[in-house]
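Chemist: below: sequence and its predicted model.
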Amino acid sequence: MDSLLQCYIEFIPKQSFYSIYNGKYSALECFNSDSFNCREKITDLWLDNPLKIKKVKPSLNSFTLNPLKTKISDNEIFNGFLDTNYFWIEFDKLSNIITYFQFGVDISIKATKDFVANILKLANHFDLLLLGSNFKVFEATENDIDQYFRSSPAYKFIKDEIQFLADVKAGRIKPDTPF
């Protein structure tokens, strides 16, 4: 189950994004809200600038999540809890190229600070951009991720639960969901 206190962030290759979309920071212009089309375009970004799972795996040790909740299969790695912090990586079974790399971040817990620091470190190390569930693309900096969190439905829920629920009911806002 996803949490109202969670924000979703996905990695996308910076070089591919800039070369294909001419550096537009609004992914709304690049991806439409059709989640299948968006997923296909994100996969194309990964294939254009391949990153193999073997290269990333050693860096995943810095994420201190529950090792008992780690799921590794032929084409997927999942670690954490769906309702708190987690990362989820999908990769092509034959080529081992990453095609999906997402994080769920519970912004209500203190342990998230280290988790987010590791997200930023990993993004900068592998030259990746962050894509929010609001289709905004941003650099992996503390300031940019903080702005993303502060504009998220999860933050609005934390600030004023009653107003948030009234806004959801009226259709003015929707809870954050991964795409």
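Modeler: Received, thanks.
Chemist: alpha carbons only for contacts and neighbour counts from here, please
Modeler: Will do.
Chemist: return the helix or strand in the chain with minimum mean pLDDT.
Modeler: helix 27-30 (a mean of 58; mean pLDDT, DSSP states H and E).
Chemist: buried residues in the next helix or strand after that helix?
Modeler: Next helix or strand after helix 27-30 toward the C-terminus (DSSP states H and E): helix 35-48. For helix 35-48, burial by neighbour count (16 or more other C-alpha atoms under 10 Å) applies to Cys38, Lys41, Ile42, Thr43, Asp44, Leu45, Trp46, Leu47.
Chemist: biggest separation within those, which pair?
Modeler: Across the buried residues of helix 35-48, no pair lies farther apart than Cys38 and Leu47, at 14.3 Å, counting by C-alpha to C-alpha.
Chemist: okay, and the residue lying closest to Tyr155 once chain neighbours are set aside sits in which element?
Modeler: The spatial neighbour of Tyr155 that comes closest, neighbours along the chain excluded (C-alpha to C-alpha, 6 or more residues apart in numbering), is Phe149 at 6.5 Å. Secondary structure from DSSP H and E places Phe149 in helix 142-150.
Chemist: check Ile77 too.
Modeler: Ile77 is located in strand 76-80, with elements delineated by DSSP H and E.
Chemist: same question for Ile119.
Modeler: helix 112-125.
Chemist: got the contact list for that helix?
Modeler: With contact meaning C-alpha atoms under 8 Å, 6 or more residues apart in numbering, helix 112-125 is reached by 11, 59, 62-64, 85, 105-106, 129-130, 140-142.
Chemist: which of those residues has the weakest pLDDT?
Modeler: Across these, the smallest pLDDT goes to Thr64, namely 65.
Chemist: for Leu130, list each beta-bridge partner.
Modeler: Phe11, Phe138 (DSSP bridges).
Chemist: measure it to Ala123 for me?
Modeler: Per C-alpha to C-alpha, to the nearest Å, Leu130 is found 8 Å from Ala123.
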